[in-house]
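J.: model the structure of this input:
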Amino acid sequence: MKKLLNRLFWVVVAVVVAGYGVIIWWFHAHETELIFSPDREFRVAADSLGLQPARVIVFATDGVSLVGRVYRSTRPDSAGFWILYFHGNAGNATGRAMFHAGLLRLGFNVLVAEYRGYGESGGSPDEEGVYRDADAFYAYARDTLGIPPGRLILYGHSLGSAVAIDLATRRPAAGLIVEGGFTSVPDRGQELYPYLPIQMMARNRFASIEKISSVAIPKLFLHALDDEVIPIAHGRRLFENAVPPKSFQELRGGHNAPYQVDAHIFFGAIGTFVSRCNSPKFFIP
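T.: Now for the predicted structure:
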């Protein structure tokens, strides 16, 4: 009887270990799919809002074609600033039209970058690939649209925050806006799956917490208190690790809604930030 129980014990251990191993293998094999959620659907919200974004095609250094959008402000008192916008892990460059409309009302022009595998773009996304895509749209802004770095604001939402932060470590700009940003993929993954060795497994790391201290330009961090996708603690850690000048604005709403739920504070913070980026005495306590 004792031998039987002993054997049964080790059989159970073997089954548990094997099952755990299968789970780890599955997460490793499907990591990219868990991080990126490409959307090919064309959104028509911009048309319904009376906006007329221009479709632009740029090419990454590895030849992948990328299709973004350009919104131009029609305000006669336009500040002349451009926002290079990087969206999150879902959606595509034709989405979030109400948000872009809010930026236009502030007098800003908007270049919406696109990632490989999203919208009309070719290729498939991965970390290094989307960094190349960011470089391609930055080069388009500089060389084709003729935007000087001193008039360009880098803006990233959610996954796009990591793309914008990485770009800000390598390219000059007037300022950086981080909305709903996370410290790193392994950090957030470990929170979601505490019983898996995510820190060791992750290939796509998007380690913004390791890069933000290298960004010297003015920075604005926007984060919703009730963000259900990226807890506000991530945004606060990024802010704490950033060097001045910097500012943190807490907002009402969830991960995708603060620009609607808390529109006055949201767009007011952006407008104030960009106006200060134009000042040689920029400082936000």
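
J.: next SSE after the lowest-mean-pLDDT helix or strand in the chain?
T.: Lowest by mean pLDDT, DSSP states H and E among the helices and strands of the chain is helix 2-29, with a mean of 56. The helix or strand immediately downstream of helix 2-29 is helix 31-35, counting by DSSP states H and E.

J.: buried residues in that next one?
T.: 31, 35 (16 or more other Cβ atoms under 10 Å). Using the backbone N, CA and C atoms, a C-beta is placed for each residue, glycine as well.

J.: try stretch 216-226
T.: Buried positions in stretch 216-226, judged by neighbour count with 16+ other Cβ under 10 Å: 217-224.

J.: can you redo those as a markdown table with distance to A207, secondary structure and pLDDT?
T.: Formatted as a markdown table, these follow (distance: Cβ to Cβ, whole Å; DSSP: H, G, I helix; E, B strand; the rest coil; pLDDT from 0 to 100):
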| residue | distance to A207 | secondary structure | pLDDT |
| --- | --- | --- | --- |
| I217 | 19 | coil | 97 |
| P218 | 22 | coil | 97 |
| K219 | 17 | strand | 98 |
| L220 | 21 | strand | 98 |
| F221 | 17 | strand | 98 |
| L222 | 20 | strand | 98 |
| H223 | 18 | strand | 98 |
| A224 | 23 | strand | 97 |
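
J.: got any ranges where the stretch 101-250 of the chain has weak pLDDT?
T.: Judged against pLDDT under 70, the stretch 101-250 of the chain has no low-scoring part.

J.: which strand residues bridge the closest residue to G235 other than its chain neighbours?
T.: What sits nearest to G235 in space, not counting adjacent residues and going by Cβ to Cβ, 6 or more residues apart in numbering, is H223, at 3.4 Å. H223 has these beta-bridge partners by DSSP bridges: E250.

J.: identify the residues contacting H223.
T.: By Cβ atoms under 8 Å, 6 or more residues apart in numbering, the contact list for H223 reads 179-181, 230, 232, 234-236, 248-251.

J.: among those residues, which are in strands?
T.: Among the contacts of H223, the ones falling in strands (DSSP state E) are 179, 248-251.

J.: closest one of the contacts of H223 to L167?
T.: The nearest member of those to L167, counting by Cβ to Cβ, is G181 at 13.4 Å.

J.: so where does the residue nearest the centre of the chain fall, helix or strand?
T.: Closest to where the C-alpha atoms of the chain average out (Cα atoms, centre = their mean) is G160, at 1.4 Å. Element membership for G160, per DSSP H and E: helix 159-168.

J.: packing partners of that helix?
T.: strand 82-86, helix 127-139, strand 152-157, strand 175-179, helix 208-211 (3 or more Cβ pairs under 8 Å, 6 or more residues apart in numbering; DSSP states H and E).

J.: what comes up buried for the shortest one?
T.: Buried residues in helix 208-211, counting neighbours by 16+ other Cβ under 10 Å, are found at 208-209, 211.

J.: which one of the helices and strands packed on helix 159-168 lies nearest to T272?
T.: strand 175-179 (11.5 Å).

J.: quick one: name whatever helix or strand follows the closest one.
T.: helix 185-192.

J.: so what does the helix or strand that contains E240 touch, helix or strand wise?
T.: Taking DSSP H and E as the criterion, E240 maps to helix 232-241. Contact analysis of helix 232-241 by 3+ Cβ pairs under 8 Å, 6+ apart lists helix 208-211, strand 219-224, strand 246-251 as its packing neighbours.

J.: distance to V110 added to these, as JSON lines?
T.: What follows is the helices and strands packed on helix 232-241, written out as JSON lines (distance: least, Cβ to Cβ, whole Å):
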{"stretch": "helix 208-211", "distance to V110": "22"}
{"stretch": "strand 219-224", "distance to V110": "16"}
{"stretch": "strand 246-251", "distance to V110": "20"}
